[in-house]
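Student: just to be clear, the model below is a prediction. Sequence and coordinates:
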Amino acid sequence: MTTLKDKVEWHIDNGSPEDLSRMIIELYEKNNQEALSHVIMLSLCDFGGITQKMEYQNIAALGTLHWGIEGLQELTKATIEKGGFRALNNISRLISHISSRTLNDFLFSKFNFESIKKLELESDNYKNTEWVKTAKECLITLAREAEKDDKFPIGLMQNLGFSINEQAQEHMFAALMARWFNLDRHGIENYLELVNLIGKDEIDYQNYLKKNPYILEPFHSQIWSKPRFGESLIPDFLIRSMDDSYTVVEIEKADFQIMTKAGELSSKATHAKRQALDFRDWAINNNLYAIKRFPEIYRPFCLVVIGRESELDEMQTLRLKQENESTQGILKIVGFDWLYKRAKATFDNIVNYGFERDKYNETIEEE
C-alpha cells in the first residue's frame with residue numbers, strides 16, 4: 001500500500017512541477033499537521049540537485065500558506081533548523097514579500113499552477129495586520145537565528161539585490177539590522193520570567209544580561225561586564241552607546257525594595273546609587289587613564305537597576321520619578337522590569353514601524 005510519505009518521496013525523485021502542484025493539492029485536502037510537514041519538507045529539500053530545484057522549492061513554500069499563519073511560522077522554524085544558502089534565500093525572500101505587502105510581486109506567485117491559484121495570492125488576505133506582523137516577526141527570527149556563526153549569511157544578504165522589489169529589500173535590511181543588534185523576543189520574555197522569580201541572586205541577573213546585552217541597551221556599540229576601574233572599582237556593566245556616550249551600570253536584586261513605604265529611597269538603592277556615582281567620579285578624575293581602555297569615555301551617565309517598579313504604589317512611583325529628575329539626567333534608578341518594558345517596546349516598534357522607511361513621518365499642519 002502506497003503511503004502519503006511514499007507519494008511525496010516519489011515526487012522528489014521523479015515529479016514535474018505540474019506533478020508537484022497536484023501532490024500539494026492532495027496535501028491541502030488532507031489539511032492536517034502531517035500534510036503541512038510534508039509541504040515544508042518539499043520546500044526545503046534539494047530535489048536531487050536538479051537545475052530547476054528553485055522552482056520546485058518555491059512552489060512548495062507557497063503551499064505552506066494554505067495553513068495560514070501557522071504554516072508560515074512552522075516554515076520559518078524548519079528553515080532555521082535546515083540552514084544553508086538555498087533554504088535561507090528562498091524562504092526569507094518569500095517572507096519579506098509578505099511582510100511588505102508585495103506578495104503579488106514575488107516571482108513564483110505568478111506561476112500558473114493549481115496549487116498556487118488556490119491560494120488566491122492576489123487577494124488582500126495576505127495584507128492584513130495579522131499576516132504582516134507575523135511575517136515581520138518571522139523574518140526577524142529567521143535573520144537572527146540562521147547561520148549564527150556567519151556574520152553575513154549569503155543566503156540572506158543576496159536578497160538585498162536579487163529578484164526582490166524595493167519594499168521587500170527594505171524589510172530584509174531591517175531584519176538584518178535586528179540580527180546585528182541581536183534582538184530577540186523570546187529572550188526578552190524569558191528575561192521577564194527571571195525578573196519575576198523570587199530568591200534569585202545578583203549573579204543570575206548579571207549572567208542573563210551579559211548573554212542578552214540588548215536588554216541593557218538595545219542599540220549599544222559595546223558593553224563590558226565587570227570592567228575594572230583602577231585597582232578596586234568594578235561596576236557590573238559599562239555601556240558605550242552609538243553616540244560614544246557611556247553609562248556605568250550597577251545592578252542589585254529584583255527582590256530588593258526601590259522605595260520605602262514612606263517614599264524614600266531604600267538603603268539598598270541608596271548604596272547602589274553611591275557606588276554608581278563613585279564609578280563615575282573615578283572615570284572623571286582618571287580620564288587620561290580611562291580613555292586608554294574605554295575610548296572617548298568622559299563623564300559617564302549612571303544607571304542603577306534594582307527591584308521591580310510594578311510593586312511600587314502611586315506615591316512611590318511619583319517619588320522615584322522626582323528622585324530621577326533631581327539628578328538632571330546624570331543618574332537614573334530603574335526596576336528590572338523597566339528594562340523589560342524598554343526592550344519590548346524597542347522590538348515591538350521595529351516590527352510595527354521600523355520596516356517602512358518614511359511611512360510614518362507625518363507632518364502636522366498648523367490650523
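Tutor: Perfect, I can see it now. Numbers count the residues shown, from 1 in each chain.
Student: and the strands in the chain, which stretches?
Tutor: 220-225, 237-241, 246-251, 301-305, 331-334 (DSSP state E).
Student: least reliable of these going by mean pLDDT?
Tutor: Lowest mean pLDDT within the strands of the chain: strand 220-225, at a mean of 92.
Student: may I see the buried residues of it?
Tutor: By neighbour count on 16 or more other Cβ atoms under 10 Å, the buried set for strand 220-225 is 220, 223, 224, 225. Glycine gets a C-beta too; all of them are placed from N, C-alpha and C.
Student: skipping adjacent residues, who's closest to the second one in space?
Tutor: To tie it back to what came earlier, the one meant is residue 223. residue 213 (4.4 Å; Cβ to Cβ, 6 or more residues apart in numbering).
Student: try residue 182
Tutor: Nearest one to residue 182, counting by Cβ to Cβ, 6+ apart, is residue 214 at 5.4 Å.
Student: wait, what's in contact with the one you found?
Tutor: 181, 182, 183, 184, 187, 220, 343, 346 (Cβ atoms under 8 Å, 6 or more residues apart in numbering).
Student: thought the last one was touching residue 184?
Tutor: No. If you go by Cβ atoms under 8 Å, residue 346 and residue 184 don't touch, sitting 11.3 Å apart.
Student: against residue 340, how distant is the residue nearest to residue 182?
Tutor: Distance of residue 214 to residue 340, computed by Cβ to Cβ, to the nearest Å: 12 Å.
Student: and if you look at residue 20?
Tutor: Residue 20 is 46 Å from residue 340, by Cβ to Cβ.
Student: can you give me the neighbour number for residue 89?
Tutor: 21 (other Cβ atoms under 10 Å).
Student: same question, residue 128
Tutor: Using other Cβ under 10 Å: residue 128 sits among 10 other residues.
Student: then residue 124?
Tutor: There are 9 residues near residue 124, going by other Cβ under 10 Å.
Student: for it, give me the pLDDT.
Tutor: 91.
Student: which positions in stretch 246-264 come out as buried?
Tutor: 246-259, 263.
Student: show me the contacts for the nearest residue to residue 5 once chain neighbours are set aside.
Tutor: Excluding the flanking residues, the one nearest residue 5 by Cβ to Cβ, 6+ apart is residue 38, at 7.3 Å. Residue 38 makes contacts with 4, 5, 8, 27, as judged by Cβ under 8 Å, 6+ apart.
Student: and the third one, how many neighbours does it have?
Tutor: What it means is residue 8. Neighbours of residue 8 (other Cβ under 10 Å): 23.
Student: now swap in the second one and tell me
Tutor: Other residues near residue 5 number 12, with proximity taken as other Cβ under 10 Å.
Student: how close does it get to residue 179?
Tutor: Distance from residue 5 to residue 179, by Cβ to Cβ: 35 Å.
Student: wouldn't residue 181 be in contact with residue 219 here?
Tutor: Yes. The pair residue 181 / residue 219 is scored as a contact, 6.1 Å apart, by Cβ under 8 Å.
Student: out of the two, which sits in the busier spot?
Tutor: residue 181 (16 against 13).
Student: which residues touch the more buried one?
Tutor: 214, 218, 219, 220.
Student: show me the helices in the stretch 1-150 of the chain, by range?
Tutor: Taking DSSP state H, counting those that start in this stretch as the criterion, the stretch 1-150 of the chain contains helices spanning 4-14, 17-30, 33-44, 53-63, 68-82, 85-99, 114-117, 129-145.
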